[in-house]
Every structure is written in C-alpha cells, then in structure tokens.
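**Q** What shape does this take:
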Amino acid sequence: LHGQARGSYSHLSWAREADHLAFAASIFDDEGEGGDAEIWVWAGQEPSAVVTAADAPEGFAVPSANELEWSRDGARLFFGFKYVGGAEAEDDSSGSGSGSGSDEDEKPFDPYDFDAILEGRGVDVWHWNDPRIISNQKERWEEHEKNRVYRAVIHLDDRAVVPLATLDLPEVFPTDNSSFALAGSDLPYLREITWDGTYGDVFVVNLRTGKQHPVVERLSVGWRGSSASLSPDGRSVLFYQAGDWHLWSVETSEAVNLTAALEVPFANEDHDYPMDPPGYGHSEWMADSSSVLIYDKYDIWQVFTDDRKPRLLTAGAGRENHVVYRVEDLDPDEDVIAVGTDLLLSAYHDVEKHDAFAALDVDQGSIRSLYATGRHKLHVEGKAVEADRVLFTRERYEEFPDLWVTNLDFEKPTKFSNANPQIAD
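**A** A predicted model of the protein is given here:
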C-alpha cells in the first residue's frame, strides 16, 4: 500500500461497514521517533494522503502518535491535530543541565559530595491559582498531555477537513451521526477537584462547520459519557443534572426536565459522599431516536423526545419487590436498541442478594421471568452473533462460576465447563 525509506506506519484502522483502511505515515528521525505524519486512506484502489501538514490549523501539526476512528459507515474519519505552539520553549528547556561526557566518564554518585548534590538541585514553582497541583501536573503530562491530540474530522465525500476540538474545548467524542458530535471541557473547574468533585461543560459540535453549541454548564460526575448522550439522529442530548434527567434540543437550544414530575428519585439513594449524588445511568437509545431508557434505583423508565409522558416499563415491580432491573447489552458493537425487540434484563434482589434474568417487552411495557434459582450470582458473558444462544455464568460460595449455555428464553440451560472440580472436595 505504501512504502518509503525509514518509514513509520501506525494506528491502522478499518471502517466497520466499508472497505476502508486508514493509517498514519511518517519518517523516523535520527532518534528513531516518528515525526510529523500524514493520514492515508486506502479504499480499494491506490491509497492517498487525505490529511497533510497543510490541513493543520496555525500552531498545530499532524502527529504520528495519533487517534484514528471511523464512523460506522466509513464516510468520516476522526483523527487528531497536536498543539505545537510551545514546542520551541519546551525543547530549549529540556536540554539544560546536560553534560558533554559519556556515561562511561561519569563518576559514581557520592552521597557525601555536597557540591554534586547542589549541582542537580531543582525547584517546582506552584502558584495558588494553578489549575492542578505540581504532582498531578507531572502525572498527567506523561499519561495524558504529552501526546494529547485535538480531534478533527475529514469527510471523504469532498475531502473537507474540519477541526473540532480546540484548546478551550479539548475533548470531542466520535459519533456515527453525520452532523453533530458531543464535546466537553473540564478546564473551568480544574481547581475545584482539590476540594470538590469533577465537573464539565458539555457542547454539541457541528461536524461540517466546527461550530460549538453550548448544552449545559457545570455538569457533575459522568459528564464524559454516562451522564450525557447524543441521540442517534443528532437532534437531542440527554443529560443528568441535580437529580433529574433533561433533554436538550439541537433545533431550539432549550432543555426540558423529563423527570421532575415523577414521584421517584433518580439520584443515587445510597450515595453518602460529600458531593452531588450521581444518577443511575441509562441504556442505549432506540434506533429511531424516539426514546431512551433511564434507570431509577430499581426500575426502568422510557422517556421520549416528543411530548409523550415517561413510561414505567417495569410497572414498579422493582421498587415493590426490592429488585434492581437493568438492560443486558447482548451486542457491545451496537449502540442502539432495535424498535420492537424484547430486551434481556438482569434482576438483582437488593435484600436477598441473588440474581435472576427476565425479558422486557418494551412495546407492551411488561416483564416476564426467565431464569432464577433464588441463590446464585449470575452474569451474561455474551450472545452468539448468528444464533439465539446465550453464554452465562452462575456461582455461589460453594459453586465455581462455570459456563452455561441456553437460548434467549433460558429454556433448559446446560452446563458445559467444569473448571474447578476440586471445589466439591
């Protein structure tokens, strides 16, 4: 596909539903490091460079240490630009104090040589208004900031390159939606981490123009994903704040409270930390973006993007019987729930501490029991891709979590592993 002297190739990424391969190509420098890169795409014919240094905004470059991610249909490729505006100053300071001698000429360290100790002295200067303390700055530099890239997207239909993330809005989350993506920033609240929780501002970014639309400010725990979600059609953002779930409209730039009129709490009822209690989360959106499933402590609710009132899908059986119902994700590669399909639920008894499985008919709003022993911990390991077969484990203190297989109705489950037979001794 591509070759060059001292070439470096990294981050090979296939599109899921298209025969497209993307990779970053660069040339090794004298120290064996990949320099500035180009992003190449192979689509069945000759590969071509779709992103070069000329596409980078001022003060940015295309790094070889990149992050490539396709949209599901292969129409868009998300990648990153690296900020290099301060590179010269960092390079100048990094060489200070280096000697000209080789390692062989260096003398062994003498702990009693006071002058040698002072020669290597240094100081960390911290200002009270710095966003992070020095130790945290050093840790994050190596793990997060050193190779941070700022997300951008290229549309393959017209080769348009659109920068999405900025220095003030550093995080953009790739999406399969063709128009918008969620973005966020915790920069205004970094100092508060020292004595408070974590917060972030959430935005919607236009994938064609890069324009940022503010959704909600100071969103608490989970703002990077579990407390904010973009609908599949890109028209709505679901977010949790101050004990309630809200829906923000891209068209009107207004939010409505979805759960304020409901008589059950959606904040974690058992949260005893000195910070705002988080919510219980939500499941995937319906594929047609008409609704999404959210959780209280026990039950599952369906909230809609139109004027319909929320539906209690589990009919209050969870709270009445102290059973925690949650949707089992049988297809981790699928981000939506197909309309008209039954869902597999886990059912955890919060008092007796055992698990069960149930089926939820979303259209009818009814549940039926599938499998329960009244004494086991259960866990779904996965579902067959092309068959209605489910793999799960069950365990107790005297029973090893062996593998069991059954159909989606959990009829006649069969144990087919015996990984720890000596437990019976």
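**Q** does L118 sit in a helix or strand, and which one?
**A** Per DSSP states H and E: L118 is located in helix 114-119.
**Q** for that helix, the distance to its chain's centre please.
**A** Relative to its parent chain, helix 114-119 has a centroid offset of 48 Å by C-alpha atoms, centre = their mean, to the nearest Å.
**Q** Go through that helix and flag the buried ones.
**A** By 16 or more other C-beta atoms under 10 Å, helix 114-119 has no buried positions at all. For the C-beta atoms, the positions are set from N, CA and C on the backbone; glycine is no exception.
**Q** Which SSE is immediately downstream of that helix?
**A** Using DSSP H and E, the helix or strand that follows helix 114-119 in sequence is helix 134-140.
**Q** List the strands paired with the helix or strand just after that next one, with their directions.
**A** The helix or strand immediately downstream of helix 134-140 is strand 150-155, counting by DSSP H and E. Strand 150-155 pairs in its sheet with strand 76-83 (antiparallel), strand 160-163 (antiparallel), by DSSP bridges.
**Q** and of those, who's closest to Y298?
**A** strand 76-83 (37.9 Å; C-beta to C-beta).
**Q** contacting residues for D201?
**A** Contact analysis of D201 by C-beta atoms under 8 Å, 6 or more residues apart in numbering lists G184, S185, D186, P188, P214, V216, E217, R218, L219.
**Q** cool, H20 as well?
**A** Applying C-beta under 8 Å, 6+ apart to H20 gives the contacts W14, V41, W42, A43, W70, G74, L77, L156.
**Q** can you do 10 Å?
**A** H20 makes contact with S13, W14, V41, W42, A43, G44, W70, D73, G74, A75, L77, L156, according to C-beta atoms under 10 Å, 6 or more residues apart in numbering.
**Q** ok, now G197?
**A** With contact set as C-beta under 10 Å, 6+ apart, G197 has these partners: Y189, S220, V221, Y273, P274, M275, D276, P278.
**Q** Can I get those residues in CSV including secondary structure?
**A** Shown next, in CSV, are the contacts of G197 (DSSP: H, G, I helix; E, B strand; the rest coil):
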residue, secondary structure
Y189, helix
S220, coil
V221, coil
Y273, coil
P274, coil
M275, coil
D276, coil
P278, coil
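**Q** JSON lines for those residues, including distance to G243, pLDDT and neighbour count?
**A** Shown next, in JSON lines, are these (distance: C-beta to C-beta, whole Å; pLDDT from 0 to 100; neighbours: other C-beta atoms under 10 Å):
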{"residue": "Y189", "distance to G243": "19", "pLDDT": "91", "neighbour count": "20"}
{"residue": "S220", "distance to G243": "10", "pLDDT": "83", "neighbour count": "20"}
{"residue": "V221", "distance to G243": "12", "pLDDT": "65", "neighbour count": "20"}
{"residue": "Y273", "distance to G243": "15", "pLDDT": "84", "neighbour count": "10"}
{"residue": "P274", "distance to G243": "16", "pLDDT": "81", "neighbour count": "7"}
{"residue": "M275", "distance to G243": "13", "pLDDT": "80", "neighbour count": "11"}
{"residue": "D276", "distance to G243": "8", "pLDDT": "83", "neighbour count": "16"}
{"residue": "P278", "distance to G243": "10", "pLDDT": "90", "neighbour count": "19"}
